[in-house]
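# Give me coordinates for this.
(one chain, ligands or ions: 1)
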Amino acid sequence: MIFAANFKTNHTRRSTELYIEALNKKLGAKKAEDKVYIFPPSTALDDYEGEFTIGTQNAYPAHNGAYTGEIGVEQLDEFGIKTILIGHSERREYMAETQEKVAKKFTFFQEQEFKIIYCIGEPLKIREKGFEAVMQYLIAQFEGIDLEYENMIVAYEPIWAIGTGRSATVEEISTTHRALKKVINNKPLLYGGSAKPANIKEITSIAGVDGVLVGSASLDAESFSQMILS
Ligand code: PGA
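Numbers count the residues shown, from 1 in each chain. Got it, this is the predicted structure:
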């Protein structure tokens, strides 16, 4: 299973160090085949040691240059970071990242041979229209994305389940993942949206779920390690 922690705009450099120290004490007990990713805010990026991979929540598709407020490959290289989240619904919504921008970013980081966790997800009003509308919406989020890229993981995160405490049901995850797996040629597929210690077993037991992308419940090292070790 894959366990990815997305800190979003939480934690500082100091608290990330403490978090990693606490997590490292637990990770010795994890199954060798389980993979852990941590996405701290960019001010806390570093080359931490442990049985996990550090990734960036975002970067600008350039090595360096005049992109005020952004970081590029040069800043990531300093810490050996080769993993990135692309297409998260919060960036699509709050940072106005259109599908065109998201696809451009994907192509750039694909060329840099980054591991890409590519996020897709539908809003509630689409989910309410039924399964066909959901699939149509999700497939549109693959426009311009090379689904043959071997170094990609897809994360399905229904927007209405993110940060709400209300995860999608087993039935919703199961049917959506089954359909998505065909579209993405069986690439690893994570579920995200209110995954937590209380529902992790249920979620990771669903066929077609290869792991989870966790926001809120990943902020505490104890809670995240409970999920990994469950
Ligand atoms: P959540 O966030 O676990 O707080 O719902 C998930 C995500 O946005 O990746």
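
# residue ranges of the helices in the chain, please?
Along the chain, counting by DSSP state H, helices occupy 13-27, 73-77, 89-94, 99-111, 124-127, 131-140, 170-183, 200-204, 221-229.

# okay, the ones you listed in JSON lines with mean neighbour count and mean pLDDT next?
Every C-beta, even on glycine, is put in place using the N, C-alpha and C of the backbone. JSON lines is the format used below for the helices of the chain (neighbours: other Cβ atoms under 10 Å; pLDDT from 0 to 100):
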{"stretch": "helix 13-27", "mean neighbour count": "16", "mean pLDDT": "98"}
{"stretch": "helix 73-77", "mean neighbour count": "17", "mean pLDDT": "98"}
{"stretch": "helix 89-94", "mean neighbour count": "16", "mean pLDDT": "98"}
{"stretch": "helix 99-111", "mean neighbour count": "18", "mean pLDDT": "98"}
{"stretch": "helix 124-127", "mean neighbour count": "15", "mean pLDDT": "96"}
{"stretch": "helix 131-140", "mean neighbour count": "14", "mean pLDDT": "98"}
{"stretch": "helix 170-183", "mean neighbour count": "16", "mean pLDDT": "98"}
{"stretch": "helix 200-204", "mean neighbour count": "17", "mean pLDDT": "98"}
{"stretch": "helix 221-229", "mean neighbour count": "19", "mean pLDDT": "98"}
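
# Can you tell me which of those helices is nearest to residue 157?
helix 89-94 (6.3 Å; Cβ to Cβ).

# what sits against the residue of the chain found nearest the ligand?
Going by Cβ to the nearest ligand atom, the ligand is nearest to residue 215 of the chain, at 2.4 Å. Counting by Cβ atoms under 8 Å, 6 or more residues apart in numbering, residue 215 touches 6, 8, 162, 163, 192.

# Mark which of the residues you listed are buried, thanks.
6, 8, 162, 192 (16 or more other Cβ atoms under 10 Å).
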